[in-house]
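J.: Need a 3D model of the following:
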Amino acid sequence: MRNKVAMALLMTLTISLFAAEAETPDSEWKWQREIMTDTTSGFNRLELPPEIYKKSQLDLWDLRIIDEKGTVVPYFLESNRKTSTTTEDSYSFTSTGDFRKKADTIFDFQGHPTAGTDLLINHLTVATDFTEDFFKYVELYGSHDGKHWEWIENSSLYRVDGNDQFLIDVGTSQKFTNYRIVILNNAEGIRLSGLSGMLISESEVQTAHQRIITASQFQRREVGTATEIQIKNVDNLPVNAMSIEASGLFKRPCQIVSGENEAVATVFGSGYLFQSTLKGSEPLRNSLPVSIYQPVDSLTLVIENGDNPPLDIQSVTLEYVSDAVVFQTVQGKTYTLQYGNPSATKPQYDLEQFRGEISLQQIGTAVLNAEKAVAVSKQPSKTVVNQKAIFSGVIFLVALVLALFAIRGMRKS
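T.: The predicted structure is shown next:
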């Protein structure tokens, strides 16, 4: 009888231990905001404000919409960070030679348009047989005859830790037949084996938001000939461009990298910061494209000054495009957005399969009310227990049961 009681108690405590491990405070959603919907539409689109990124999972997997009864409402996420594009035309270029000029290497390519037509492109893609990691600034020139060259763009090419950038965004569509790419300071002897051009059109327009960081809000330090501007509290925003407010004339190569306390920084963007107010010069261009493929909380802008004095930077502006959730609404129902659950997994809804058809429907605009903290559950099943004490008790009971069996065996013998 004593053996049966001990075994029953052992099983009860073991089950309690597993239950305590499975249900922790992390299984609760910490924040919620009531959604004000457009009742004239069967579907609503809710653009996510910055504080949602700060308090949600990095991938937004913990977003949940519930109705007034607590029933989960399916949604799909519109990622506005990427613009839909269409490649209208593509062209191949042949090499017409390359040569060295001091520390730089110059590569010339020629296209072959159909008689009476232009090679209209706005993107170039280079090919290289160089297999090692590298990061190089490049200059791009165009020519109609292969003799007289016009500067088009300063850019960069790189392969770093499995990430590469071989695409040059030309910006305004160009009609040049010949292109020249200059790899600056090419000590590694990197060679370009091919060049292709594309005319890519954007099929949707993004509405960018801005976050301005003043000089009192960022950290600045001078490292050799470079200026490092560290911006904290990025709050995982999907930043896609960065610009600065500074005085004077300048043209400086720079990089945007991941923040502090990293052994190897991740490159999120590179190019030139350029500013000119002189009559007849190019218009002001001081915005850098940023491609963040992993949400971050801190960014560092590295500006190479060379022999120039450091820039007097008054502020840094981050541009970002928010994601949005699209969900179906029913008149008379109220809806709430919940977020802030680090243990939540990615939801899978049937609605995801119909995003194309839903985009053709009339979609209303939803907005969020003020944020509220979700009340912590008081149910006993959610109570945090001393798991170490339970484990010690289980070990003791196991030893007790074994001892009882041993004594029983000794009596039989």
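J.: residue boundaries of the helices in this structure?
T.: 2-22, 50-55, 355-358, 387-412 (DSSP state H).
J.: Buried ones in the shortest one, by neighbour count?
T.: Right, helix 355-358. Neighbour counts using 16 or more other Cβ atoms under 10 Å place residue 358 of helix 355-358 among the buried residues. Heads up, the C-betas are built off the backbone N, CA and C, glycines and all.
J.: Over to stretch 197-217?
T.: By neighbour count on 16+ other Cβ under 10 Å, the buried set for stretch 197-217 is 197-200, 211, 213.
J.: Stretch 344-355 too?
T.: Buried-residue list, stretch 344-355, by 16+ other Cβ under 10 Å: 344, 347, 351.
J.: And for stretch 307-316?
T.: Across stretch 307-316, burial judged by 16+ other Cβ under 10 Å covers 311, 313, 316.
J.: Quick check: the second one vs residue 129, distance?
T.: I take that to be residue 313. 40 Å (Cβ to Cβ, to the nearest Å).
J.: same check, this time on residue 237
T.: 38 Å.
J.: With residue 328 instead?
T.: To residue 129, residue 328 is 52 Å away according to Cβ to Cβ.
J.: still on that earlier bit, counting neighbours, go ahead and name the busier of residue 237 and residue 129.
T.: Using other Cβ atoms under 10 Å, the more surrounded residue of residue 237 and residue 129 is residue 237, with 22 against 9.
J.: Just name the closest of the buried residues of stretch 307-316 to residue 272, please.
T.: Checking the buried residues of stretch 307-316 against residue 272 by Cβ to Cβ gives residue 311 as the nearest, at 12.8 Å.
J.: Touching, that closest one and residue 245? I think so.
T.: No: in this structure, residue 311 is not within contact of residue 245 by Cβ atoms under 8 Å, at 10.1 Å.
J.: circling back: Throw the buried residues of stretch 197-217 into TSV and include pLDDT and distance to residue 332, thanks.
T.: Formatted as TSV, those follow (pLDDT from 0 to 100; distance: Cβ to Cβ, whole Å):
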residue	pLDDT	distance to residue 332
197	92	56
198	89	50
199	87	50
200	80	46
211	91	38
213	93	44
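J.: Quick one: mean pLDDT over the biggest strand by length in the chain.
T.: Secondary structure of the chain per DSSP state E: the longest strand is strand 85-101. The predicted model gives strand 85-101 an average pLDDT of 86.
J.: Just give the strands next to it in its sheet, each with its orientation.
T.: Its sheet considered, strand 85-101 pairs with strand 104-110 (antiparallel), strand 192-202 (antiparallel) by DSSP bridges.
J.: just how off-centre is it within its chain?
T.: Chain-centre distance of strand 85-101: 30 Å, with Cα atoms, centre = their mean, to the nearest Å.
J.: And stretch 298-315, by the same measure?
T.: Centre to centre, stretch against its chain (Cα atoms, centre = their mean), the figure for stretch 298-315 is 24 Å.
J.: Next, the distance between the ends of that stretch.
T.: 16 Å (Cα to Cα, to the nearest Å).
J.: Stretch 186-198 now?
T.: Using Cα to Cα, one end of stretch 186-198 lies 26 Å from the other.
J.: ditto for stretch 34-52
T.: End-to-end distance of stretch 34-52 (Cα to Cα): 13 Å.
J.: Now that stretch: buried residues?
T.: Buried residues in stretch 34-52 (16+ other Cβ under 10 Å): 34-35, 37-38, 41, 43-48, 52.
J.: And for it, what's in contact with it?
T.: Here stretch 34-52 makes contact (Cβ atoms under 8 Å, 6 or more residues apart in numbering) with 60, 63, 65, 78, 209, 211, 235, 237, 322-329, 331, 334-337, 339, 358, 361-369, 371.
J.: And stretch 181-191, by the same measure?
T.: Outside stretch 181-191, the residues that touch it by Cβ under 8 Å, 6+ apart are 98, 101, 103-107, 109, 126, 128-130, 132, 134, 136-141, 157, 168, 192, 195.
J.: Apart from its chain neighbours, what residue comes closest to residue 90?
T.: Spatially, and ignoring its direct neighbours in sequence, residue 90 is nearest to residue 198 (4.8 Å; Cβ to Cβ, 6 or more residues apart in numbering).
J.: List the contacts of the nearest residue to residue 225 once chain neighbours are set aside.
T.: Distances taken as Cβ to Cβ, 6+ apart place residue 305 nearest to residue 225, at 5.2 Å, with adjacent residues excluded. Contact partners of residue 305, counting by Cβ under 8 Å, 6+ apart, are 225-227, 252, 311.
J.: For residue 59, see how far away residue 305 is.
T.: 37 Å.
J.: buried subset of the contacts of residue 305?
T.: 226-227, 252, 311.
J.: that older thread, does the residue nearest to residue 90 really touch residue 120, like I thought?
T.: No: checked against Cβ under 8 Å, the pair residue 198 and residue 120 is beyond contact range at 10.1 Å.
J.: Tell me the residues that contact both of those two, please.
T.: Joint contacts of residue 198 and residue 120 (Cβ under 8 Å, 6+ apart) are residue 89.
J.: rewinding a little: sort the buried residues of stretch 34-52 by pLDDT and name the bottom one.
T.: Confidence-wise, residue 41 trails the rest of the buried residues of stretch 34-52, at 87.
J.: gap between it and residue 328?
T.: From residue 41 to residue 328 the distance is 10 Å (Cβ to Cβ).
J.: And for residue 259?
T.: 39 Å.
J.: and what of residue 313?
T.: Residue 313 sits 47 Å away from residue 328, going by Cβ to Cβ.
J.: Contacts only, for residue 139.
T.: Taking Cβ under 8 Å, 6+ apart, one finds 151, 153-155, 181-182, 184 in contact with residue 139.
J.: For ChimeraX, what selects the buried ones among the residues you listed?
T.: To isolate the buried members of these in ChimeraX, using 16+ other Cβ under 10 Å:
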select :153,154,155,181,182
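J.: what's the closest of the contacts of residue 139 to residue 265?
T.: For the contacts of residue 139, the nearest to residue 265 is residue 155 (19.7 Å; Cβ to Cβ).
J.: No further queries at this time; thank you.
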